[in-house]
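Asker: Here is the input, now give the coordinates:
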Amino acid sequence: MKSINEVRLLGFLGNAPTVSKAEKGQVATFSMATSVRVKGSNEERTEWHQIVMFDPFVDVYGTLLKKGSRVFIEGWLKTTTREVKGAKRSKTEVVVTNVIDLEKRAAA
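Answerer: This is a model prediction of the structure:
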């Protein structure tokens, strides 16, 4: 059976992308907030996602996106595990395959 690892998020940047050098170009990381309504109530819960973006997206969006920018992100989940002081720590990130800057479109 085929499997799918695909993520689509529509939300707001929690911070501006931090751009750094990678083995093959540049990498940018930032956090993104999305909201979900709790079923049966008016309560809204915020979920935070860690986003990783590589070239060519970094060239275009690395400096364009700002804290609070509204964006649509498509990507896939990548989980890494490392050991810190004898305890295993896991981190799940969304690796970007497509970005749409909704702030830029709204201004056009």
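
Asker: Find the residue at the geometric middle of the chain.
Answerer: Ile51 (2.6 Å; C-alpha atoms, centre = their mean).

Asker: Check which helices and strands the helix or strand hosting it sits against.
Answerer: Here Ile51 sits within strand 44-54, counting by DSSP states H and E. Counting contacts by 3 or more C-beta pairs under 8 Å, 6 or more residues apart in numbering; DSSP states H and E, strand 44-54 is packed against strand 25-37, strand 70-84, strand 87-101. (Glycine included, C-beta is placed from N, CA and C.)

Asker: quick one: contacts of the shortest one?
Answerer: The one in question is strand 25-37. 9-21, 43-55, 57-59, 61-62, 65, 71, 73, 93-94 (C-beta atoms under 8 Å, 6 or more residues apart in numbering).

Asker: ok, now the last one?
Answerer: Contacts to strand 87-101, defined as C-beta under 8 Å, 6+ apart, come from residues 7, 9, 29, 32, 49-54, 57, 60-61, 64-65, 69, 71-83.

Asker: Check those for burial and list the buried ones.
Answerer: For these, a neighbour count by 16 or more other C-beta atoms under 10 Å gives the buried set as 9, 32, 49, 51-53, 57, 61, 65, 69, 71, 73, 75.

Asker: mind giving me TSV with these and columns for pLDDT and distance to Asn98?
Answerer: Shown next, in TSV, are the buried ones among the contacts of strand 87-101 (pLDDT from 0 to 100; distance: C-beta to C-beta, whole Å):
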residue	pLDDT	distance to Asn98
Leu9	97	11
Met32	97	14
His49	97	15
Ile51	97	12
Val52	96	14
Met53	95	10
Phe57	89	8
Tyr61	88	11
Leu65	91	14
Ser69	93	16
Val71	95	10
Ile73	96	7
Gly75	97	7
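
Asker: Pick the one among those residues closest to Lys39.
Answerer: Set against Lys39, the nearest of those by C-beta to C-beta is Leu9 (19.9 Å).
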